[in-house]
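Colleague: sequence and predicted structure below; questions after.
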There are 2 protein chains.
Amino acid sequence: MKPINPSDTTSQALAGTADRAREDQSLHDEILTRLRDHIVEGNIADGGRVPERQLCEMLQISRTPLREALKVLASEGLVELLPNRGARVRPLSEQDLGELFDVMGGLEGLAGRLACENITDEEIAEIERLHYEMYGFYLHRDMHGYFHVNQLIHQKIVEASRNATLKSAYANFAGRIRRIRYSANFARKRERWGEAMREHETILEALRRRAGNELSDILFKHLRNKRTAAVEHLKAVGMAASEPA
Amino acid sequence: MKPINPSDTTSQALAGTADRAREDQSLHDEILTRLRDHIVEGNIADGGRVPERQLCEMLQISRTPLREALKVLASEGLVELLPNRGARVRPLSEQDLGELFDVMGGLEGLAGRLACENITDEEIAEIERLHYEMYGFYLHRDMHGYFHVNQLIHQKIVEASRNATLKSAYANFAGRIRRIRYSANFARKRERWGEAMREHETILEALRRRAGNELSDILFKHLRNKRTAAVEHLKAVGMAASEPA
DNA sequence: AACCGATAAATTGTGTGCAATTTCGGTCGA
DNA sequence: TCGACCGAAATTGCACACAATTTATCGGTT
């Protein structure tokens, strides 16, 4: 009836499931993606109760497929499923956020290491292009553009790793963090901006030399710095609704 | 009716869900764990069709909770869900296996790096103890004991990282690989045995010095070597039922 | 004899209903 | 006035039922 174009649901945020698996299946992945986006975009408030009924009429479906989707989101770590008490948006504590960033650092480091083994000259050239574009945004103090291209670069590195499993895991964790990104509008991050820009130069340099070990270290430390900035920001700004009790 | 002791289900193999989340919920995590083990232990054969009905009577439950569990296992990457055609055990291609090992390498490297920041002297002493125990098994050519202690050591490093998120992800991927381990009875791996033992000595040495960067590299390369061994083994022994078509 | 189409059986996807547990409101007692 | 206990409403967990799609079987045709 509603065979929803499979390529439409080919967004970046997928679970642990591999790319191959979801090419064909898409009938209810639709609602999974919608629910995930709905939560990631912060429409439900940390720790907020999520009555099934309400979501059912919002998504125009029955409870059965919704519950299946909730179970999956729980396994992805986005929501908590309390027995007989329904689903809550999993509140990200300060510690959770720190852990998440470290894992992202490990995955990006791995991506960089593998990329050095597999990346083509063309891909490096493309990343260089993006790098300079990002530098332009930096000079013009265009934060929005900067962050966009920034994500693109990291994405390119992950793709250059030629590892679909890694790509999946990366997308999963990135999604969890993105939820914070939405509420926390990276405010006075400006002081770290120059530092980040310099780090990106060393990243590009190591990538050019295809120095896997170095790049791995650099990327991890890069995200470690992002982590401190983000955690401090969260501590300062929004600890709102961090504890459900 | 059957309130199944919660602490019983506290096995190591959990999804992306955090530890905290599953302490209380356990009524149907039971069936999730059972299904996962059933598949991981290789009782269903690669790419084999998994009729819901059959599993229902096997687990003594209705289709609804079973399907929920299947969705979760799909998101973990253990099974494939084909639209209107049910669930199949996801066949691990040679490439999948290689990717999986590399991701494990990245995660272990990360674990080692973080462990160097957080590990206590007591924990190092414990790992040293295990190391020598393992060495004993090596000398006695006791492969079973060796592998057991080996896994224990890697587990300890992961725990020393003090990162529950990492621990979850690690458990997830380890589970996927374990499925192969069961069918592929690491046969003529003996030639690599000595090499692996030497690598473990450098691991311990780097851990003692708390040299994060080094340990990270060593652990990745350690798993890279494991990877080549495993892939070659798979290529030689069992490509049975690797392609569903 | 092999291939193709049509019907029948089986299997999956989804909606609904009922039992069980939780949560809320109110009343009683101190 | 505050706390606890009890009952009702709401919500969740599971089983079942029906619609839709796929798979298998059978008959016909080239």
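Modeller: Right, received. Where do you want to start?

Colleague: would you map the strands across chain A?
Modeller: Taking DSSP state E as the test, the strands found in chain A are A:49-50, A:79-82, A:86-89.

Colleague: how about those strands in a markdown table, adding mean pLDDT?
Modeller: Formatted as a markdown table, the strands of chain A follow (pLDDT from 0 to 100):
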| stretch | mean pLDDT |
| --- | --- |
| strand A:49-50 | 84 |
| strand A:79-82 | 93 |
| strand A:86-89 | 93 |
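
Colleague: go through the ones you listed and name the closest to chain B.
Modeller: strand A:79-82 (4.8 Å; C-beta to the nearest C-beta). C-beta coordinates here come from the backbone N, C-alpha and C atoms, glycine included.

Colleague: pLDDT at the residue nearest to A:Asn118 when sequence neighbours are not counted, what is it?
Modeller: What sits nearest to A:Asn118 in space, not counting adjacent residues and going by C-beta to C-beta, 6 or more residues apart in numbering or on different chains, is A:Arg162, at 4.6 Å. Model confidence at A:Arg162, given as pLDDT, is 98.

Colleague: report pLDDT for the residue most central in space within chain A.
Modeller: The centre of chain A sits closest to A:Ala174, judged by C-alpha atoms, centre = their mean, with a distance of 1.5 Å. Note for A:Ala174: predicted pLDDT of 95.

Colleague: could you measure from it over to B:His233?
Modeller: 34 Å (C-beta to C-beta, to the nearest Å).

Colleague: again, but for A:Lys226
Modeller: From A:Lys226 to B:His233 the distance is 39 Å (C-beta to C-beta).

Colleague: before we move on, what about A:Ile177?
Modeller: 37 Å.

Colleague: follow-up on the earlier one: how about the residue nearest to the centre of chain A: what's its closest non-neighbour residue?
Modeller: A:Met104 (7.0 Å).

Colleague: how about the residues of chain A by DNA strand D?
Modeller: A:1, A:49-53, A:63-64, A:67, A:81, A:83-87 (C-beta under 7 Å from any atom of the strand).

Colleague: which of the residues you listed ranks first by neighbour count?
Modeller: A:Ala87 (26 neighbours; other C-beta atoms under 10 Å in any protein chain shown).

Colleague: for that one, what are its contacts?
Modeller: Listed by C-beta atoms under 8 Å, 6 or more residues apart in numbering or on different chains, the contact partners of A:Ala87 are A:50, A:52, A:70, A:73-74, A:79-81.

Colleague: which two in the residues you listed are spaced the farthest apart?
Modeller: Farthest pair in the contacts of A:Ala87 (C-beta to C-beta) is A:Glu52 and A:Glu80. Separation: 14.4 Å.

Colleague: so where's chain A uncertain?
Modeller: A:1-26, A:181-190, A:237-245 (pLDDT under 70).

Colleague: hmm, 80 instead?
Modeller: A:1-27, A:181-191, A:236-245 (pLDDT under 80).

Colleague: list the contacts of the residue of it found nearest DNA strand D.
Modeller: Residue of chain A nearest DNA strand D, by C-beta to the nearest atom of the strand: A:Gly86 (3.1 Å). Contact analysis of A:Gly86 by C-beta under 8 Å, 6+ apart lists A:49-52.

Colleague: measure it to A:Arg67 for me?
Modeller: Taking C-beta to C-beta, one finds A:Gly86 at 10 Å from A:Arg67.

Colleague: also A:Tyr132?
Modeller: From A:Tyr132 to A:Arg67 the distance is 48 Å (C-beta to C-beta).

Colleague: same question, A:Asn213
Modeller: 46 Å.

Colleague: buried ones in stretch A:85-101?
Modeller: A:87-90, A:92, A:96-101 (16 or more other C-beta atoms under 10 Å in any protein chain shown).

Colleague: ok, now stretch A:228-239?
Modeller: A:229-230, A:233-234.

Colleague: turn those into CSV, columns for distance to B:Thr202.
Modeller: As requested, the buried residues of stretch A:228-239 are exported to CSV (distance: C-beta to C-beta, whole Å):
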residue, distance to B:Thr202
A:Ala229, 34
A:Ala230, 34
A:His233, 39
A:Leu234, 38
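
Colleague: and the residues you listed, which is closest to B:Gly136?
Modeller: Looking across those and measuring by C-beta to C-beta, the closest to B:Gly136 is A:Ala230, at 45.8 Å.

Colleague: wait, that closest one sits on A:Leu97?
Modeller: Yes: under the criterion of C-beta atoms under 8 Å, A:Ala230 makes contact with A:Leu97 at 6.4 Å.

Colleague: now do the shared contacts for those two.
Modeller: What both A:Ala230 and A:Leu97 touch, as defined by C-beta under 8 Å, 6+ apart, is the set A:Ile180.

Colleague: now do the contacts for A:Gly112.
Modeller: A:157, A:161, A:203, A:206-207, A:212, A:215-216, A:218-219.

Colleague: how about it, nearest residue that isn't a chain neighbour?
Modeller: A:Leu215 (3.9 Å).

Colleague: tell me how many other residues crowd that neighbour.
Modeller: 28.

Colleague: hang on, the earlier thing: what's the closest of the buried residues of stretch A:228-239 to chain B?
Modeller: Closest to chain B, out of all of those and judged by C-beta to the nearest C-beta, is A:Ala230, at 14.7 Å.

Colleague: now the one residue in chain A that gets nearest to DNA strand C. Nearest residue, chain neighbours left out?
Modeller: Among the residues of chain A, A:Ser62 lies closest to DNA strand C, at 2.6 Å counting by C-beta to the nearest atom of the strand. Spatially, and ignoring its direct neighbours in sequence, A:Ser62 is nearest to A:Cys56 (6.4 Å; C-beta to C-beta, 6+ apart).

Colleague: which ones are touching that neighbour?
Modeller: A:62-63, A:66.

Colleague: any chance of these in TSV, plus distance to A:Arg198?
Modeller: As requested, the contacts of A:Cys56 are exported to TSV (distance: C-beta to C-beta, whole Å):
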residue	distance to A:Arg198
A:Ser62	54
A:Arg63	52
A:Leu66	47
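
Colleague: ok so, going back, gap between the residue of chain A closest to DNA strand D and B:Glu68?
Modeller: 15 Å.

Colleague: likewise for A:Gly212?
Modeller: 41 Å.

Colleague: before we move on, what about A:Met143?
Modeller: A:Met143 is 42 Å from B:Glu68, by C-beta to C-beta.

Colleague: which of the two has more neighbours?
Modeller: With neighbours defined as other C-beta under 10 Å, A:Met143 and B:Glu68 compare such that B:Glu68 has more, 20 against 16.

Colleague: I figured the more buried one hits A:Ala69, correct?
Modeller: No: B:Glu68 lies out of contact with A:Ala69 (C-beta under 8 Å); the separation is 9.7 Å.

Colleague: next, the buried residues of stretch A:32-48.
Modeller: For stretch A:32-48, by 16+ other C-beta under 10 Å, it's A:32-36, A:38-40, A:42, A:44, A:46-47.
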